[in-house]
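1. After the sequence you'll find the predicted model.
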Amino acid sequence: MVKVIFQVYPVIHAADEAERTALRPIGRNADRYQQALNGLPDIVQAADALGLWGIASIEHHFHSEGYEVGPDPGVLNAYWAAITKNIRVGQLGYVMSAQHPIRVAEQTAILDHLSRGRCFVGFARGYQDRWTNIIGQHLGTRATHSLEGADDALNREIFEEQVELVIRAWTEDSIELKSPRWQIPYPYDDGIDWWMRETTARLGAPGELGPDGRVRRVSVVPAPYIKPHPPIFVGSSASAATVEYCGRNGFIPTYFGGVERTVSFGPRYVEAAAQAGHTYALGQNQAAVRWLQIADDRDALRRALSAYDTEIYKNFYNQLHSQARHAPDALPLDAGEEQILDRLEQSPQHATGTVDEVRELLVSQRRDFPAEYIVLILHYAQQPADSVIRNLETFMREVKPALDELTMYPEPATAEVAPR
């Protein structure tokens, strides 16, 4: 069965671009942000009742324009876990080239406990310069969006080191590291002298203290609830190297890029995984992302897309898309609404139309690439909560059963859960 994840893009609502201009910077409008929070419990609980596999939010900062106001997904995740019973909560994802890996390990382990194993963790490399470069400056990070050059290579190096450190913090009783970016403990060569050494010698993790009584390793607590750790998703837009990295490590690549690219990446993931000893069928342990909008007819669809999607496409997605070297199909920056609407209707990444049209599109795509997970994006709170819920209800009732019939690989083994 396909596992459905709803990805919350926290868009601050504005009636139109004129109101967004009048309220600038709307991203700091406390009343509008509060309105967005007020509708989320209804969506999250509806997703739980409908049987979605998971619900996620994003990490993005400094969105004064109000298009991605998601600076701390873990806080939302903890609240969602408290008001649901079955759905998994997570992020797609923490930008690890700018994050503190030990803090991420601690926060997600606690979230895993709060949810009693209903947690998944998402990582991303960071493509938005405005905030990735600022928050990641002490690591030397630069955002990646060209897939080449020194900035991209350094971003990948930092990302992979940070992710490895998170996993070590989850799975090892104590850790140490000396690299260009991290010394654990600090200072690494001298160790830490002033500490409750007698207590740690008796009660701490073996090896935390060296023979000289100095701190030589640290123990990151708590360990996750799930053993060895929660499922790991990694966002990917255009990089084959990221897909192969996921395959080698058994991570779940989450394809935000074009459909053709996703189809071509699927076998590369399977091959890279096999070389590392992981056996997956095509599509298994992989996730496809689709922007959803289901309507009764074409007129209703155009109205919904106009109200909920065109502005963010014009002022956000297409602005960044047009600058990316791997995105030659970007619309002109002065594209009008009709041109944008046509793109949103015709793009295979956007599952838009009547329920029959959406079902036919996704079934056709699934024959080429039967992804184990499908991540659905609707632009709440630009799109009202009741409309988001109707879309999810229709998808789960009318579309998902047809996709389930095309799942041709065995269900993966359930992750071991730590004893309570």
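-> Received the coordinates, thanks.

2. those strands in the stretch 101-250 of the chain, which residues are they?
-> Ranges of strands within the stretch 101-250 of the chain are 121-124, 177-178, 183-184, 226-227, 232-236, based on DSSP state E, counting those that start in this stretch.

3. and those strands as JSON lines, adding distance to P401?
-> Where you see a C-beta, it was placed from the backbone N, CA and C, and this is true even at glycine. As requested, the strands of the stretch 101-250 of the chain are arranged in JSON lines below (distance: least, CB to CB, whole Å):
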{"stretch": "strand 121-124", "distance to P401": "27"}
{"stretch": "strand 177-178", "distance to P401": "48"}
{"stretch": "strand 183-184", "distance to P401": "49"}
{"stretch": "strand 226-227", "distance to P401": "29"}
{"stretch": "strand 232-236", "distance to P401": "24"}
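
4. Burial-wise, tell me which of the ones you listed comes out on top.
-> strand 121-124 (a mean of 29; mean count of other CB atoms under 10 Å).

5. okay, now the nearest residue to R197 once chain neighbours are set aside: neighbour count?
-> Using CB to CB, 6 or more residues apart in numbering and skipping residues adjacent in sequence, the residue nearest R197 is G213, 4.7 Å away. G213: 14 surrounding residues under other CB atoms under 10 Å.

6. Over to K85?
-> Neighbours of K85 (other CB under 10 Å): 9.

7. Can you get me a residue count around the nearest residue to it once chain neighbours are set aside?
-> Spatially, and ignoring its direct neighbours in sequence, K85 is nearest to D48 (6.1 Å; CB to CB, 6+ apart). Residues lying near D48 (other CB under 10 Å) number 19.

8. D48 is in what secondary structure piece?
-> Secondary structure assigned from DSSP states H and E places D48 in helix 30-50.

9. Following the chain past the host helix or strand of Q319, name the next helix or strand.
-> Q319 belongs to helix 318-323 when elements are defined using DSSP H and E. Next helix or strand after helix 318-323 toward the C-terminus (DSSP H and E): helix 337-346.

10. what does the helix or strand just after that next one rub up against?
-> Counting by DSSP H and E, the next helix or strand C-terminal to helix 337-346 is strand 350-353. For strand 350-353, contacts defined as CB atoms under 8 Å, 6 or more residues apart in numbering pick out 290-295, 298, 301, 305, 344-345, 358, 361-362, 376.

11. Try it again at 7 Å.
-> Contact with strand 350-353 is made by 290-293, 301, 305, 344-345, 358, 361-362, as judged by CB atoms under 7 Å, 6 or more residues apart in numbering.

12. Repeat that for stretch 372-385.
-> 2-13, 35-36, 39, 42-43, 92, 252, 254, 283-292, 308-309, 312, 388, 391, 395.

13. which of the residues you listed count as buried?
-> Buried residues within those, counting neighbours by 16 or more other CB atoms under 10 Å: 2-13, 36, 39, 43, 92, 252, 254, 283-292, 308-309, 312, 388, 391, 395.

14. So, low pLDDT: which residues of the stretch 201-350 of the chain?
-> 324-328 (pLDDT under 70).

15. Helices along that one, start to end?
-> Using DSSP state H, counting those that start in this stretch, the helices found in the stretch 201-350 of the chain span residues 240-249, 259-275, 298-308, 310-312, 318-323, 337-346.

16. What mean pLDDT does stretch 18-32 get?
-> The average pLDDT within stretch 18-32 is 98.

17. circling back to that earlier point, I'd like the contacts of strand 350-353 as a markdown table, with distance to G266 appended.
-> Shown next, in a markdown table, are the contacts of strand 350-353 (distance: CB to CB, whole Å):
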| residue | distance to G266 |
| --- | --- |
| R290 | 15 |
| W291 | 20 |
| L292 | 21 |
| Q293 | 25 |
| L301 | 29 |
| L305 | 29 |
| L344 | 25 |
| E345 | 26 |
| V358 | 21 |
| L361 | 18 |
| L362 | 16 |
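
18. which pair in those spans the largest distance?
-> Using CB to CB, the two most remote members of those are L305 and L362, lying 17.6 Å apart.

19. for the spatially most central residue of the chain, what are its contacts?
-> The centroid of the chain falls nearest to L92 when counting by CA atoms, centre = their mean (0.8 Å). L92 makes contacts with 7, 56, 58, 122, 233, 235, 254, 375, as judged by CB under 7 Å, 6+ apart.

20. what comes into contact with stretch 21-33?
-> So stretch 21-33 is contacted by 12-14, 20, 63-66, 69 (CB under 7 Å, 6+ apart).

21. By neighbours, which of these wins?
-> Greatest neighbour count in the contacts of stretch 21-33, by other CB under 10 Å, goes to G66: 27 neighbours.

22. And stretch 192-208, how far out from the chain middle?
-> Centre-to-centre, stretch 192-208 and its host chain are 37 Å apart (CA atoms, centre = their mean, to the nearest Å).

23. Quick one: residues in contact with it.
-> Residues contacting stretch 192-208 (CB under 7 Å, 6+ apart): 173-174, 185, 209, 213-219.

24. which two in those residues are spaced the farthest apart?
-> D173 and G213 (19.1 Å).

25. Now do the buried residues in the host helix or strand of Q365.
-> If you go by DSSP H and E, Q365 is part of helix 355-368. By 16+ other CB under 10 Å, the buried positions in helix 355-368 come out as 355, 357-359, 361-362, 365-366.

26. Name the nearest of those residues relative to H278.
-> Nearest to H278 out of those is R366 (CB to CB; 22.1 Å).

27. which residue sits closest to that closest one, ignoring its sequence neighbours?
-> Closest to R366 by CB to CB, 6+ apart is L406, at 4.7 Å.

28. before we move on, back to that, which other helices and strands does the helix holding Q365 contact?
-> The contact analysis (3 or more CB pairs under 7 Å, 6 or more residues apart in numbering; DSSP states H and E) places helix 355-368 against strand 350-353, helix 400-404.

29. biggest strand in the protein by residues?
-> Using DSSP state E, we find that the single longest strand of the chain is strand 287-294.

30. Can you show me the helices along the stretch 51-200 of the chain?
-> Using DSSP H, counting those that start in this stretch, helices in the stretch 51-200 of the chain cover 73-82, 101-114, 129-135, 149-171, 197-203.

31. I'd like to know which of those is closest to H229.
-> helix 149-171 (4.3 Å).

32. what comes into contact with that closest one?
-> Defining contact as CB under 7 Å, 6+ apart, one finds that helix 149-171 is touched by 96-97, 99, 101-102, 104-105, 109, 123, 125-126, 139-144, 146, 175, 177, 179, 181, 220, 223-224, 228-229, 241, 245.

33. What distance do you get for G277 to V221?
-> G277 sits 30 Å away from V221, taking CB to CB, to the nearest Å as the criterion.

34. Alright, that wraps it up for me.
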